[in-house]
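Peer 1: fold the stuff below for me.
(one chain, ligands or ions: 1)
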Amino acid sequence: MTFSRFHRAGIAVLDSRGQVLVDIPAEHAICRRISAHPRGGALGCAFDSLVSAEHQIDDVPQQANCLCGLRYELLAIRHQGETLGRLVFGPYRPENLTTLPRGLARALGEAGDVSDNAFLGSVQTDLERLEVVPTDQAQQIITAIGGVLSVIVHTGYARHLTSQIHIAAIQDAYNELSEKNRRLADSVEKLKDLDKLKSSFLATISHELRTPLTSVIGYSEMLLEGLAGDLSKEQNDYVRTILEKGDHLLRIINEILDVSRIESGAVQLNFETFDIPDLLRQVADAMMPQAQQKEISLTYDAASNVPVIVADRAKTRQVLINLVSNAIKFTPTGGTVSMLVTRKEVVDGGGVSRPSVEMRVVDTGIGVPQDSRDKIFEAFFQVDGSSTRVHGGTGLGLSIVKHFVEAHGGHVWVEDGEEQQGSVFVVQLPINPPADVRAKRSRSSALGGTLVG
Ligand code: ADP
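Peer 2: Residues are numbered from 1 along each chain as shown. Sure thing, here's the model as predicted:
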């Protein structure tokens, strides 16, 4: 545009089919006046014929004149021998144009008419006011613009080629990625099928093992109670060992059953209102024999402002049992294990404050190494996974704890602390189940679940 204004002439770039790509009109008063005349439009500006006609173009500037005498210069735009389009410079007033060509008056048709004479007089004045651009200067200008355009076309074409190569490379990479994605999706599907198979296998096997085991435990208890006659001291010890091991086996089988139920999504929450100190007492009573065996002092305490909560009582009990049982297991003889419950306002990710209870199970045992504190909640993970490990277990207890707590809309984690100085497991449970937890529950009910509360 600056170029065009500076040289007082228009510039246009057309493609090989005559399509105008760039058009910066000169806006001369003379052109405006002629085109505003009733027959002016029909006269046609030379520019229109340069656009539409198969006008001869060449590597040196060609000229075309308008009926009013103004002139255009025309130049081919070529790249590697191929004609890409043309460049048009004009209209400009060449040096020898001082009076309007006779052809213009003829074309207007009614020369001699008073109004046409006046019109031609104004057009003549417009022409005289227009600054002259010498032809050789006009040709230099169009040659210079043509040169600049060639450089632009050349660079543009090189960029185009590079980007085509890039696009092809990216397309290849995309295709490869899509194929890998498809294979990955197939594998995920297969793994899911295998996982389901594993869960149902575990569920079936555990169920089948549990039935005979209940008989083993039941008959051992009957023998110990003397229902089949008195036992000698030695027989009594043997049967007691059978009972203990049977109980242990039953706990493992129950854990496996719980996990397979969790994985198949069959776990439902049975909400009821209950008192936390009551629950703590029951858990302490149940775990006391295990604690006494290792001379561990097991204590509990609930702050006076801890309210009754609405939750699944059996699952909350199971959470505490699993945590306390671990605490006893991983605490050396003579240590202490305590359950402490306080009321807490928990602010969730969305900034909403939710009244909750915080239950802490604190022990003086071996502690959980820093780098295992997240992993221990994964199923089957044990800090010491070797076959020579001192402490028994399946590695399922904490994954069950995590699932039960999160199903209530709560959280569980191990508190940061020095290793070897015991561990602190923290469970936060909402006092009332959040709306999304209730919604899940009512969906289960609609499917014919066995929910109460
Ligand atoms: P299990 O106790 O049957 O091995 P869990 O899922 O209950 O399985 O625990 C996983 C692992 O977390 C345990 O093997 C142990 O390494 C670690 N752990 C759990 N509780 C404690 C604790 N109170 N102190 C130290 N380590 C613990």
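Peer 1: if I look at the most centrally placed residue in the chain, how far off is residue 189?
Peer 2: When C-alpha atoms, centre = their mean is applied to the chain, the residue found nearest the centroid is residue 181 (16.2 Å). Residue 181 is 13 Å from residue 189, where distance means C-beta to C-beta, to the nearest Å. In short, each C-beta sits where N, CA and C put it, glycine included.
Peer 1: equivalent analysis for residue 183, please.
Peer 2: On the measure of C-beta to C-beta, residue 183 and residue 189 end up 11 Å apart.
Peer 1: follow-up on the earlier one: tell me the contacts of the residue nearest to the centre of the chain?
Peer 2: If a contact means C-beta atoms under 8 Å, 6 or more residues apart in numbering, then residue 181 has no contacts.
Peer 1: equivalent analysis for residue 314, please.
Peer 2: Residue 314 neighbours (C-beta under 8 Å, 6+ apart): residue 270.
Peer 1: what comes up buried for the helix or strand hosting it?
Peer 2: Element membership of residue 314, judged by DSSP states H and E, is helix 313-329. Neighbour-count burial for helix 313-329, with 16 or more other C-beta atoms under 10 Å as criterion, is recorded at 313, 315-329.
Peer 1: and residue 311, that one's in a helix?
Peer 2: No. Assessed with DSSP: H, G, I helix; E, B strand; the rest coil, residue 311 is strand; it does not lie in a helix.
Peer 1: hey, what's it bridged with?
Peer 2: Listed beta-bridge partners, residue 311: residue 272 (assigned using DSSP bridges).
Peer 1: okay but it is in contact with residue 407, surely?
Peer 2: No. When contacts are counted by C-beta atoms under 8 Å, residue 311 is not listed as touching residue 407 (9.9 Å).
Peer 1: specify which residue of these two has the higher count of neighbours.
Peer 2: More neighbours surround residue 311 than the other of residue 311 and residue 407, with 31 against 19 (other C-beta atoms under 10 Å).
Peer 1: give the contact list for that one.
Peer 2: 269, 271-272, 274, 408, 429-430, 433.
Peer 1: next one: it from residue 136, what distance?
Peer 2: 97 Å.
Peer 1: tell me where the stretch 101-250 of the chain has helices.
Peer 2: Secondary structure of the stretch 101-250 of the chain by DSSP state H, counting those that start in this stretch: the helices cover 102-108, 114-129, 135-224, 233-263.
Peer 1: may I see the buried residues of the first one?
Peer 2: Along helix 102-108, the positions that meet the burial threshold by neighbour count (16+ other C-beta under 10 Å) are 104-105, 107-108.
Peer 1: please apply the same query to the second one.
Peer 2: Judged by neighbour count using 16+ other C-beta under 10 Å, the buried positions of helix 114-129 are 116, 119-120, 123-124, 126-127.
Peer 1: need the contact partners of that helix.
Peer 2: So helix 114-129 is contacted by 28-30, 33-34, 37, 68-69, 93, 97-100, 104-105, 108, 110-111 (C-beta under 8 Å, 6+ apart).
Peer 1: could you list the alpha-carbon positions for that helix in CSV?
Peer 2: Extracted in CSV, the C-alpha atoms of helix 114-129 (Å, rounded to 0.1, in the frame of the first residue of the first chain):
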residue,chain,number,x,y,z
VAL,A,114,-23.6,20.1,-23.8
SER,A,115,-23.6,17.9,-20.7
ASP,A,116,-21.0,15.5,-22.3
ASN,A,117,-18.8,18.4,-23.2
ALA,A,118,-18.9,19.7,-19.6
PHE,A,119,-18.2,16.1,-18.4
LEU,A,120,-15.2,15.7,-20.8
GLY,A,121,-13.9,19.1,-19.6
SER,A,122,-13.9,17.9,-16.0
VAL,A,123,-12.2,14.7,-17.0
GLN,A,124,-9.6,16.7,-18.8
THR,A,125,-9.0,18.8,-15.6
ASP,A,126,-8.7,15.6,-13.6
LEU,A,127,-6.1,14.3,-16.1
GLU,A,128,-4.1,17.5,-15.9
ARG,A,129,-4.0,17.4,-12.1
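Peer 1: quick check: phi and psi on residue 303?
Peer 2: phi -60, psi 150 (degrees, to the nearest 10).
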